[in-house]
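[1] Fold the following for me, if possible:
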Amino acid sequence: FPIARPSVYAPPGATGDAPPGGRTREASMTPMRSDQPVAWCVSTAPVAYVPALAHMDAHVAALIAQRAATTAPTQGPVPDDIAAATHAYPTPSKQVWPTPSEQVWLLEHPPLYTAGPRAKPTDFVSPARFPVHQTRRGGELTYHGPGQRVVYVMLDLRTRTRDVRLFVRTLEAWIIDALATFGLRGEPRAGRAGVWIARSEGRDDKIAALGVQIRSWVSAHGIAINVAPDLTHFDAIVPCGIRDHGITRLRDLVPAVTMSDVDRALRSAFETHFGPTFDASAPLGRPTFASGGSA
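    Residues are numbered from 1 along each chain as shown. You can find the predicted model right below:
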């Protein structure tokens with residue numbers, strides 16, 4: 001699939017104008033950028049949820065420990081509709097951690113549901129078809145499964161901008177620019193985290209979900225884009241507690257799209273908003289490498 005050069009969505013608070021149909025010209029337009037390259041990892045086979053969560057927790061703890069001697073961990077206000085409240089997690093003080101890089105991990109899960117701290121029993125409209133996992137990311141109930149690109153984003157906001165709301169808006173901007181590669185107009189909605197495709201009569205369909213957790217200014221969890229999942233797997237739940245709008249997938253809007261196309265678009269847009277990446281081995285499996293990034 002040909003990769004176009006997307007325009008840039010400017011999150012609230014950004015200044016300056018983007019050229020019509022083109023990227024912003026200055027790195028200062030994207031305050032979440034860093035010059036330190038981020039490890040870009042892609043798993044090609046479905047990854048079970050519990051081992052994936054364990055890796056993410058360990059990697060976040062390593063990033064926290066790496067700068068514990070120079071930066072006092074603090075936590076800013078977190079929008080409760082998007083990011084989970086910070087809990088009193090112990091930071092390892094005696095273990096010697098390897099020097100980790102920030103990491104973005106692209107993967108798919110086998111069919112499952114995850115329930116955030118705001119999920120309610122009434123969000124199940126029929127008996128759960130798949131395992132349900134409690135999670136500390138923000139938000140409510142959602143589905144993950146084959147054909148959905150899950151991206152876990154482990155970034156140290158201490159080296160970027162200590163602003164959780166701006167971080168969330170930049171994640172949305174990243175998704176929006178990746179979708180623009182395929183000629184789609186994704187949009188944010190006030191009070192509804194994620195990215196939406198406008199339909200007729202004021203109805204929106206969600207194409208990408210977003211839920212993060214911040215520990216000592218290091219992010220965990222991330223985004224999920226519906227590329228080609230089985231949408232009937234959402235039927236048992238009220239996704240993210242939203243009843244008045246629908247769910248869509250990229251394959252129905254751009255039939256020729258592949259997961260690899262989406263991965264390339266995500267990487268290009270990520271480097272616009274967050275900075276350079278480098279190929280790294282996928283956790284919990286054989287090394288896989290993504291194409292088209294900067295070293």
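
[2] Relative to Thr232, how far out is the nearest residue to Arg67 once chain neighbours are set aside?
    Leaving aside its sequence neighbours, Arg67 sits nearest to Arg158 (CB to CB, 6 or more residues apart in numbering; 6.4 Å). Every C-beta, even on glycine, is put in place using the N, C-alpha and C of the backbone. Noted for Arg158: a distance of 42 Å to Thr232, by CB to CB, to the nearest Å.

[3] of these two, who's got more company?
    Using other CB atoms under 10 Å as the criterion, Arg158 and Thr232 rank with Arg158 on top: 18 against 8.

[4] Look up the residues forming beta bridges with the residue positioned nearest the centre of the chain.
    Geometric centre of the chain, nearest residue: Ile223, 2.4 Å, by CA atoms, centre = their mean. Note on Ile223: beta-bridge partners by DSSP bridges are Val151, Leu210.

[5] Correct me if wrong: it contacts Thr142.
    No - proximity of Ile223 to Thr142 does not meet the contact threshold set by CB atoms under 8 Å, at 11.2 Å.

[6] Common neighbours of the two, please.
    Ala209 (CB atoms under 8 Å, 6 or more residues apart in numbering).

[7] same for the helix or strand hosting Val195, what does it pack against?
    Using DSSP states H and E, Val195 sits within strand 192-198. Judged by 3 or more CB pairs under 8 Å, 6 or more residues apart in numbering; DSSP states H and E, the packing partners of strand 192-198 are helix 164-180, strand 187-189, strand 204-215.

[8] What residues of it count as buried?
    Buried positions in strand 192-198, judged by neighbour count with 16 or more other CB atoms under 10 Å: 192-197.

[9] Mind putting the residues you listed into JSON lines with pLDDT and distance to Ser216?
    Converted to JSON lines, the buried residues of strand 192-198 look like this (pLDDT from 0 to 100; distance: CB to CB, whole Å):
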{"residue": "Arg192", "pLDDT": "75", "distance to Ser216": "28"}
{"residue": "Ala193", "pLDDT": "76", "distance to Ser216": "22"}
{"residue": "Gly194", "pLDDT": "86", "distance to Ser216": "25"}
{"residue": "Val195", "pLDDT": "93", "distance to Ser216": "27"}
{"residue": "Trp196", "pLDDT": "90", "distance to Ser216": "31"}
{"residue": "Ile197", "pLDDT": "93", "distance to Ser216": "35"}
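
[10] of all these, which two lie farthest apart?
    Within the buried residues of strand 192-198, Ala193 and Ile197 form the most distant pair, 15.1 Å apart (CB to CB).

[11] Which of the helices and strands in this structure ranks last by mean pLDDT?
    strand 83-84 (a mean of 46; mean pLDDT, DSSP states H and E).

[12] and the end-to-end length of stretch 158-167?
    End-to-end span of stretch 158-167 (CA to CA, to the nearest Å): 12 Å.

[13] so for that stretch, what's the average pLDDT?
    Here stretch 158-167 scores 93 as its mean pLDDT.

[14] roughly how far out does that stretch sit from the chain middle?
    15 Å (CA atoms, centre = their mean, to the nearest Å).

[15] Okay, buried residues for that stretch please.
    Buried residues in stretch 158-167, counted by 16+ other CB under 10 Å: 158-161, 163-167.

[16] picking that back up, make sure the residue nearest to Arg67 is indeed in a strand.
    No - assigned with DSSP: H, G, I helix; E, B strand; the rest coil, Arg158 falls outside any strand and is helix.

[17] Please report the distance of it from Phe167.
    Per CB to CB, Arg158 is found 12 Å from Phe167.

[18] Ok, Val132 next?
    Applying CB to CB, the value for Val132 to Phe167 is 28 Å.

[19] can you check Leu53 too?
    20 Å.

[20] all helices for the stretch 1-150 of the chain, in order.
    Ranges of helices within the stretch 1-150 of the chain are 49-66, based on DSSP state H, counting those that start in this stretch.

[21] low-confidence ranges in it?
    1-29, 69-99, 119-120, 122, 124-125, 127, 138 (pLDDT under 70).

[22] all strands for it, in order.
    38-42, 83-84, 103-107, 112-115, 132-134, 141-144, 148-154 (DSSP state E, counting those that start in this stretch).

[23] now the last one and strand 103-107, what's the angle there?
    Meaning strand 148-154. For strand 148-154 against strand 103-107, the angle between stretch directions is 160 degrees (axes from the mean of the first three to the mean of the last three CA atoms, to 10 degrees).

[24] Over to the first one?
    For strand 38-42 and strand 103-107, the angle between their directions (the same axes, to 10 degrees) works out to 10 degrees.
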